[in-house]
Every structure is written in structure tokens, then in C-alpha cells.
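Enquirer: how would this look folded up:
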Amino acid sequence: MTRRIWQFPWGYIESALFATGIAAAGFALQLTVGYFDFYLLHFPANLVALALLLVLIALAVRFENTPFVRWLSGIPCAVALIAALLVLALYMTLTPQLAHPPAPAAAAGLIARLGFARVTASWPFVLLYAATLLALGVTVARRVYDTSRHPSHHTPRHDFAFLCNHLGLWILLAAAGCGAADMQRAVMYVREGETEWRVFDRDGTALPLPLAIELKDFTLEEYPPKLALIDRQTNTPQPEAAPAFLQIDPARPRGRLGDWEISIDEYLHEAVRIDGEFRASPMPASTPAARVTAKNLVNGKTRRGWICGGGNVLGFYAALTLDERHFLAMTEPEPKRYASDIVAFTPSGERIAARLEVNKPLTIGGWTIYQYSYDTAAGKMSSYSGFELVRDPWLLPAQIGMGIMALGALSLIGRGAGTQRAGTRQ
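Expert: This next block holds a predicted model:
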């Protein structure tokens, strides 16, 4: 006898249609009310939403023997919901996303109106995310409830791995969803020798923060620059279709650009120009400079002289004329490492001195301070440093969830190793 669709027990077809229906409802909401406003779920609204979700999970466990609840905590439902989320996530990773949901007037295109301009704030993603949280929570709760009633039906090690993986994932997803509105992010610019405790919004209004930063010093290290053959008429690197550059490397002082063989006779990473000559100097206004010899491999002509890229506000710049059409120039050096020596203060009197670098933040008073930017036009002479300040009160629950998942993974690895050893003994 052929089973009709929507006849329990539901399988993959019904699950796929269910996930499609949720997505369709999300697109309908997206077209009518626009993007989901996560700030509606700021504290304490997010706790109310989480409590409501836990109530629904408890009700599902109360009626665990119903066909719907068994399906909701089953594999077909999980596969369908995760597949739908993966489709949206795949689109999100392959297309540019806006930092903030577009205003209704700006979302004139159909793609933006459907929520694809910022997938994580679209109604289809939010509804599928909530449905996944519900299904995953019911799965975990049913397993715990069933294990407590029938302990002899379950293997402790298997149950431990299952519960760690699923419970950890649920905690991580719940913390990420509920904590999105409570996360605070701001950028603060501080000048050397000054202390700042304010950030500015888009309208230029000063907003005080419960944190102050004093910038003691800003340092910038740069890579050696490159040399390029420039067309004097168009002022573009040559060849124009695929410009070639010669990286300055004291260990390899020779190279070729077009018909010219270039030799680096002397390289000064920090130099200043005095009376037409470049001399080594570690002062902030210094710039990379090189004394080069260029020999034309076609006619044998040779040119010698100093060049520098002028990578500072003083405008030091020198190029070497090769012929009536070309000259040799140096690119501006690229930043290798930049750091800020700061002192951070909190209202409670906490005071921490630290050096901030990219990917080396400081955590103080519940805030994480990242090295964010500097005055790129001034380079090493930048008089200020930009810091990104992030406060995420839901970070600890998310870390706990990841830790529980790690325990589950280790348990699975241990169980697999034990099974392999047992098979070897046999």
C-alpha cells in the first residue's frame, strides 16, 4: 500500500515541504514588513523569547509520543532545516553582504527586497533559525527524558557524546541568536598623549562609554617597497596590461623591468634627504630610499641615482629618469605591523597598560579593545589610532557551548579508538 503525502510518519518529502513553507512565509514577511529588526530582541526581550522557546520544548516533551513531536525531533526534519539554512548561508558567502540592512527606499531591487542583501537579518533566515533551535532543543530534551526513564536502553558513552554535541550546538546557536541585539560595537579615535572616553555616531553626536583609553605611542613597521617602470605620458606602471614590480630585497639586489636590468646598490629603509642625498635616520618622517643602477639591455645605456616613494607627510619623493619615455619609481611601502601602546581605565578603578596589535586585543571591564586603524595618509607619523570596542555579554554562553561540543567530539574520537583496538584484538 502506497503511503500518501502528509500521512504520519512524515519523511523527507514532508520535511522538505515544511522547510520550504517556512522559507516562503519568511519571504512573504520580508516583502511586507522588510528586514527583521534584531534590536527588538535586546535585553530583557531576548530572555523572554528564550523562555518561550524553553516552554515550547517542555510542551513537546510532554507530548513526546505524538507523531508530530517524533517527527520534529527526527532526522528528516533536521536534515531539511539544516539544508535550507545551508542554502542561505552558501548564498551569503558567495555574494557581497551589507553591513546593515538597507532602508526601504534603498532596497528597490527584488534581490534586496527578498532579504538577500543581508541574509542574517532576513525573515526566511530568522524563521528557519528559530525552527532549527526548536527542533534541536526538542531532540535534546527527549533524549534526556527518555534516558532518565529507561537508563537500561542507553549506552552511557554514546549518550554522553550525543548530548554533548547536540546540547553544545543548541547553546551556541541560542547564545548567538539571543545575543545579537545585546552586542555593542563602537570605534574610538584617540590622539597620542590624550585620553578619550567618547565615540561618535553617524550624526556626529558624542556618546560616552564606561571605558577610557589613553594613547601613549603609535608605531608602524613597513615592508620594503617595490620598484616599477612608469610611462611618462600616462603615468602608469608598465606593461600597462599586466604591470610588473620588482620587490626590493637586499639579499637579491638584482632584477629586471622591461628592457632594463636593475641593481640595488644601497637601500635605506629609514632615510631623510639632506642636500640632495639620502642618509639613514630613524626619525618618524623618514622614508625608504634606494640608490640604484639601471642598464638598458638593448642599447647599453646606464642610469644611476636615488629614488624614494615619498611614503610620508613631508612629501619626500625622487624618481630616476631612464629615457624620454620611462622613469623608475618606488611604490609606497605597505604596512607590516602597527601597534598602539595604551592605558585603559574603567569606572571601578581598573587600569591596564597594554600594547594593542591586529589580532592581539585587550579585554577589560567586559569590553574587548581591538587595534582598528590609523592615519594611513600620515603613515608612521600618524598622530592618532583607531580602536574598535566590542562588548558581547553572551560570549561566555557561546564559549560554553563550544566547549561542550569539544567534549562530545573527544568522546566520539575516544569511542572510535576503543572500537578499533577491540577489532584489532579480535
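Enquirer: okay, CA-based contacts and neighbour counts for the rest of this
Expert: Will do.
Enquirer: Of all residues in the chain, which one is nearest the centre?
Expert: A centroid search over the chain (CA atoms, centre = their mean) returns Asn359, at 10.9 Å, as the residue closest to the centre.
Enquirer: What spatial separation is found between that one and Thr368?
Expert: Using CA to CA, to the nearest Å, Asn359 is found at 11 Å from Thr368.
Enquirer: so what's the residue nearest to the centre of the chain up against?
Expert: Shown in contact with Asn359 (CA atoms under 8 Å, 6 or more residues apart in numbering): 370-371.
Enquirer: what does the one 5 residues further on give?
Expert: Applying CA under 8 Å, 6+ apart, one finds that Ile364 lies in contact with 344, 346, 352.
Enquirer: and it, bridged to which residues?
Expert: For Ile364, the beta-bridge partners are Trp367 (DSSP bridges).
Enquirer: What score does it have for pLDDT?
Expert: With respect to pLDDT, Ile364 scores 90.
Enquirer: Is Thr32 in a helix, a strand, or coil?
Expert: Under DSSP: H, G, I helix; E, B strand; the rest coil, Thr32 falls in the helix class.
Enquirer: Can I get stretch 273-286 in CSV, CA atoms only?
Expert: What follows is stretch 273-286, C-alpha atoms only, in CSV (Å, rounded to 0.1, in the frame of the first residue of the first chain):
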residue,chain,number,x,y,z
ARG,A,273,67.0,63.7,2.2
ILE,A,274,69.7,66.2,3.1
ASP,A,275,71.3,68.4,0.3
GLY,A,276,70.0,66.1,-2.4
GLU,A,277,71.4,63.0,-0.7
PHE,A,278,69.6,60.4,1.3
ARG,A,279,71.0,59.5,4.7
ALA,A,280,69.9,56.8,7.3
SER,A,281,67.7,58.3,10.0
PRO,A,282,65.2,56.6,12.3
MET,A,283,63.1,59.8,12.7
PRO,A,284,59.3,59.5,12.2
ALA,A,285,59.5,61.4,9.0
SER,A,286,61.9,59.0,7.4
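Enquirer: So in the protein, where's the weakest helix or strand by average pLDDT?
Expert: Lowest on mean pLDDT, DSSP states H and E among the helices and strands of the chain sits helix 395-425, with a mean of 78.
Enquirer: Pull out the buried residues from stretch 330-340.
Expert: 330-333, 338-340 (16 or more other CA atoms under 10 Å).
Enquirer: Can you name the residues in contact with stretch 396-404?
Expert: 164-165, 167-173, 175-176.
Enquirer: er, stretch 251-263 I mean
Expert: Stretch 251-263 is contacted by residues 228-229, 238-239, 244-246, 264-265, 292-298 when judged by CA under 8 Å, 6+ apart.
Enquirer: Give me the subset of the residues you listed lying in strands.
Expert: Using DSSP state E, the members of the contacts of stretch 251-263 that fall in strands are 228-229, 245-246, 264-265, 292-296.
Enquirer: Export those residues as a markdown table, with columns for pLDDT.
Expert: Below are the ones in strands among the contacts of stretch 251-263 laid out as a markdown table (pLDDT from 0 to 100):
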| residue | pLDDT |
| --- | --- |
| Ala228 | 93 |
| Leu229 | 93 |
| Phe245 | 93 |
| Leu246 | 93 |
| Ile264 | 93 |
| Asp265 | 92 |
| Val292 | 94 |
| Thr293 | 94 |
| Ala294 | 94 |
| Lys295 | 94 |
| Asn296 | 92 |
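Enquirer: between those residues, which has the most around it?
Expert: Neighbour counts for the ones in strands among the contacts of stretch 251-263 (other CA atoms under 10 Å) peak at Leu229, which has 27 neighbours.
Enquirer: Give the helix, strand or coil label for the nearest residue to it once chain neighbours are set aside.
Expert: Once flanking residues are discounted, Leu229 sits nearest to Leu328: 5.0 Å by CA to CA, 6 or more residues apart in numbering. What three-state DSSP gives for Leu328 is strand.
Enquirer: which residues does Leu328 bridge with?
Expert: Beta-bridge partners, per DSSP bridges, of Leu328: Leu229, Leu320.
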